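> for reference, the sequence and a predicted model appear below.
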Amino acid sequence: MSFFASFFNRNKNEKSPLSWDMHDHLLFGLDDGSNSLENSLKMAEKYVELGYSHITCTPHIISNFYDNNAINIKKQRDLLQEELNQFEIPLSIDFAAEYFIDEKFIQKLKNKEPLLTFSGNHVLIETGFLNIPKNLHEIIFELFANGYTPVFAHPDRYVYFHNNFELAEQVFSTGIKFQLNLLSFIGYYSAISKKFVEWLIEKNLYHFLSTDAHSLKHLNLLPKVWNSKAFSMIDWNRVENIKKPLL
């Protein structure tokens, strides 16, 4: 019996086959994620309990809300890693960012400013939930042209896809990679997100599965995910964050 076949015979309290989370808000004091070192350490302990060994921290970068950059993100990452080592929590962390597509981001692309990446050249991007940017395809093209591989954060949560499943296929066809939020598998965000994520999985429109954890509450819900219909449908050969990233 293969590892993944045997995994589904375990009870719901067992660990996930995922060892790397590439979208989360573990770093404290940078955005709407963890708000203290204590909370970050509690989240880190839970990650280890769930079977994770590596975390790519991806705080938001949104103009006029979360004006983060490589310097302050690295400072928080280094501080947290030092604390993890001190308390002997076996979790290694690196960092990238979750870029909101706004005018400042577009200007960065035009100016060819370096973007924060994970696993080589991957760049995590997001949009507003209600309306798709009119120039999304052009932005994706520019990212590829600049040597990046764009990764679409949580397409399962975008209302503009909920109303038009075929639009999701069109965006996927550009070559962008899709990252699904695990909590959508249990309807945490909405019933339509749950329905849509099941459709995405059925159509093989995904590359990464991530927690997008903002708090310990999110991580505590993950054992329910392992028993969801969506999770049982996953083709694990497609999932790129089973193993640690290229650093």
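Okay, I see it.
> what comes up buried for the longest helix along the chain?
Longest helix in the chain by number of residues (criterion: DSSP state H): helix 70-86. Within helix 70-86, the residues scored as buried using 16 or more other CB atoms under 10 Å are 73, 76, 77, 80, 81, 84. (Each C-beta comes from the backbone N, C-alpha and C, glycine too.)
> give the other helices and strands that it contacts.
In terms of contact count using 3 or more CB pairs under 8 Å, 6 or more residues apart in numbering; DSSP states H and E, helix 70-86 is assigned the packing partners helix 37-50, strand 54-57, strand 92-95.
> that one vs helix 37-50, what angle?
On the basis of axes from the mean of the first three to the mean of the last three CA atoms, to 10 degrees, helix 70-86 is oriented at 60 degrees to helix 37-50.
> so what's the gap between helix 70-86 and the chain middle?
In terms of CA atoms, centre = their mean, to the nearest Å, the centre of helix 70-86 is set 19 Å apart from its chain centre.
> repeat for stretch 103-123
With CA atoms, centre = their mean, you get 17 Å for stretch 103-123.
> buried set for it?
Within stretch 103-123, the residues that count as buried by 16+ other CB under 10 Å are 105, 109, 115, 116, 117, 118, 119, 122, 123.
> equivalent analysis for stretch 60-70, please.
Buried-residue list, stretch 60-70, by 16+ other CB under 10 Å: 60, 61, 62, 66, 68.
> find the residue ranges of this protein scoring beneath the pLDDT cut-off.
1-14, 244-247 (pLDDT under 70).
> which residues in it form strands?
For the chain, applying DSSP state E gives strands covering 20-21, 54-57, 60-61, 92-95, 98-100, 122-126, 149-153, 177-181, 208-210.
> now these as JSON lines including distance to residue 168?
Shown next, in JSON lines, are the strands of the chain (distance: least, CB to CB, whole Å):
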{"stretch": "strand 20-21", "distance to residue 168": "23"}
{"stretch": "strand 54-57", "distance to residue 168": "24"}
{"stretch": "strand 60-61", "distance to residue 168": "23"}
{"stretch": "strand 92-95", "distance to residue 168": "28"}
{"stretch": "strand 98-100", "distance to residue 168": "19"}
{"stretch": "strand 122-126", "distance to residue 168": "15"}
{"stretch": "strand 149-153", "distance to residue 168": "9"}
{"stretch": "strand 177-181", "distance to residue 168": "8"}
{"stretch": "strand 208-210", "distance to residue 168": "15"}
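> nearest to residue 232, out of these?
With respect to residue 232, and counting by CB to CB, the nearest of the strands of the chain is strand 208-210 at 13.0 Å.
> partners of the closest one in the sheet?
Strand 208-210 pairs in its sheet with strand 177-181 (parallel), by DSSP bridges.
> identify the residues contacting the partner strand?
22-23, 122, 124, 149-157, 172, 189, 197, 200-201, 205-212, 240 (CB atoms under 8 Å, 6 or more residues apart in numbering).
> now with 6 Å?
23, 151-156, 197, 205-210, 212 (CB atoms under 6 Å, 6 or more residues apart in numbering).
> picking that back up, as JSON lines, the helices and strands packed on helix 70-86 with distance to residue 144 would be great.
Below are the helices and strands packed on helix 70-86 laid out as JSON lines (distance: least, CB to CB, whole Å):
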{"stretch": "helix 37-50", "distance to residue 144": "32"}
{"stretch": "strand 54-57", "distance to residue 144": "21"}
{"stretch": "strand 92-95", "distance to residue 144": "23"}
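> please identify the deepest-packed of the ones you listed.
strand 54-57 (a mean of 25; mean count of other CB atoms under 10 Å).
> parallel or antiparallel, list what pairs with it.
strand 20-21 (parallel), strand 92-95 (parallel).
> show residues contacting it.
In this structure, residues lying in contact with strand 54-57 by CB under 6 Å, 6+ apart are 20-22, 26-27, 77, 92-96, 118, 244.
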